[in-house]
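Q: Turn this into a model:
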Amino acid sequence: MIALFLVMLCALPFFLPGYRVFQLTLTIIYAIALLGLNLLTGFNGQISLGHGAFYAIGAYVAAILMDRFGAPYWLTIPVAGFVCLGAGFLFGLPALRLEPLYLALATFALGVALPQILKYKHLEHWTGGVQGIVINKPDPPPGLPLSQDQWLYFLALMVAVLMFGLARNLLRGRVGRAIVAIRDHPIAAETMGINTALYKSLTFGVSAMYTGVAGALGAIAVQFVAPDSFSVFLSITFLVGVVIGGLASISGALYGALFIQFIPNIADQISKSAPWAVYGLFLIGFMYLMPWGIAGSVRRGWAGVLSHFKRPPA
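A: So this is what the prediction gives:
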């Protein structure tokens, strides 16, 4: 099933116009960011309203390395991930002392503050200030009969497959069980010898790493970074995508990415005068019809179909 799905994804860019390929590329990038946030919020129970800040850090690391140092675009992706891993881990250490709602407010403050920090005059040499940084779209490797948009699509897809595979293996192992145990029964987990402080900080760091990798890919795809592109609304959008896609679900990251990428466009096509009102109706409808998220509803529906066919005849 997964192999067939990947084959379909690989075939899509050859049948779609360039703009649609670009939209799908952004969808894949958002899926990586949502997976990172889901590791933190869905699987570990820590609420973040500021993951747009880590997306911005990853984007700026990639843009600065490419624009100021001439680094190859492919190298900026893991560097952005490691920078955000460290930033997330360090931010997670003091945040462990906070209750969930206060942690949400602290991350919200981070999401609000970072765009202003990027505009700070003493950092303009690196960040470009309000004007931001423009970078060049990378060409495909020599010998590959692909356009630039198609190559960026496949690059994002390859990184996404790697990141989703790492998350799946992480969650299925001892570390993943500890992460979920801290969410469900923190006192029992600590009694069983799990270092909750360390695991929470590491989860925050890994979550930020995923979002930073997505930010680097996003900067390369869009070819531009500026502080106003990473407002706190981006963080709220990520949280919406995680909840709509399905908390504590790996596949939910993809569903949520499709929602935050395409539903605003559909809402704008329905009503030019009040697109956000239409978007709000879509959001309410999804939450009312699919209270477990899209992934949870799909899983329950599939389980119902299987149970129906397995039921012995009367």
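Q: Surely residue 140 touches residue 74?
A: No. Residue 140 lies out of contact with residue 74 (CB atoms under 8 Å); the separation is 11.8 Å. Where you see a C-beta, it was placed from the backbone N, CA and C, and this is true even at glycine.
Q: who's more crowded, the two?
A: residue 140 (16 against 13; other CB atoms under 10 Å).
Q: Next one: that one from residue 244, what distance?
A: Taking CB to CB, to the nearest Å as the measure, residue 140 and residue 244 are separated by 34 Å.
Q: helix/strand/coil for the most centrally placed residue in the chain?
A: Nearest to the mean C-alpha position of the chain, counting by CA atoms, centre = their mean, stands residue 33 at 1.1 Å. Secondary structure assignment for residue 33 (DSSP: H, G, I helix; E, B strand; the rest coil): helix.
Q: OK, contacts around it?
A: If you count contacts by CB atoms under 8 Å, 6 or more residues apart in numbering, residue 33 has them with 51, 55, 210-211, 214-215, 238.
Q: Got the confidence number for residue 308?
A: Here the pLDDT value assigned to residue 308 is 66.
Q: err, residue 139, not the other one
A: 92.
Q: In which helix or strand does it reside?
A: If you go by DSSP states H and E, residue 139 is not part of any helix or strand.
Q: can you count the residues close to it?
A: 12.
Q: Check the spacing between the nearest residue to it once chain neighbours are set aside and residue 301 real quick.
A: The shortest distance from residue 139 to any non-neighbouring residue, by CB to CB, 6 or more residues apart in numbering, is to residue 148 (6.2 Å). Remark: distance between residue 148 and residue 301 (CB to CB) = 39 Å.
Q: higher neighbour count, those two?
A: Each of residue 148 and residue 301 has its neighbours counted (other CB under 10 Å); residue 148 has more, 17 against 11.
Q: Which helix runs longest in this protein?
A: Criterion DSSP state H: the longest helix present in the chain is helix 196-222.
Q: any idea how far that helix is from the chain center?
A: Helix 196-222 has its C-alpha centroid displaced from the chain centroid by 8 Å (CA atoms, centre = their mean, to the nearest Å).
Q: Helices along the stretch 1-150 of the chain, start to end?
A: 2-11, 18-38, 51-68, 73-95, 100-118, 124-127, 148-172 (DSSP state H, counting those that start in this stretch).
Q: In three-state terms, how would the nearest residue to residue 282 once chain neighbours are set aside be classified?
A: What sits nearest to residue 282 in space, not counting adjacent residues and going by CB to CB, 6+ apart, is residue 263, at 5.3 Å. Put simply, residue 263 is helix when judged by three-state DSSP.
Q: pretty sure residue 263 contacts residue 279?
A: Yes. With contacts counted by CB under 8 Å, residue 263 reaches residue 279, the gap being 6.3 Å.
Q: how about low-confidence regions in the chain?
A: Where the chain drops to pLDDT under 70, the residues are 308, 310-314.
Q: mind checking how far residue 117 is from residue 230?
A: On the measure of CB to CB, residue 117 and residue 230 end up 11 Å apart.
Q: Tell me which of the two has more neighbours.
A: residue 230 (24 against 13).
Q: what residues are up against the more buried one?
A: So residue 230 contacts 52-53, 55-56, 59, 114-115, 118 (CB under 8 Å, 6+ apart).
Q: Show the contacting residues for residue 24.
A: 12-13, 16, 153.
Q: Give the closest residue to residue 210 in space, chain neighbours not counted.
A: Closest to residue 210 by CB to CB, 6+ apart is residue 36, at 2.6 Å.
Q: just so I know, which of the helices of the stretch 1-150 of the chain lies nearest residue 185?
A: helix 100-118 (15.0 Å; CB to CB).
Q: Could you check the angle the closest one makes with helix 196-222?
A: Between helix 100-118 and helix 196-222, the angle comes out at 40 degrees (axes from the mean of the first three to the mean of the last three CA atoms, to 10 degrees).
Q: okay, now the residue lying closest to residue 26 once chain neighbours are set aside: neighbour count?
A: Nearest in space to residue 26, with sequence neighbours left out and distances taken as CB to CB, 6+ apart, is residue 261 at 5.8 Å. Residue 261: 20 surrounding residues under other CB under 10 Å.
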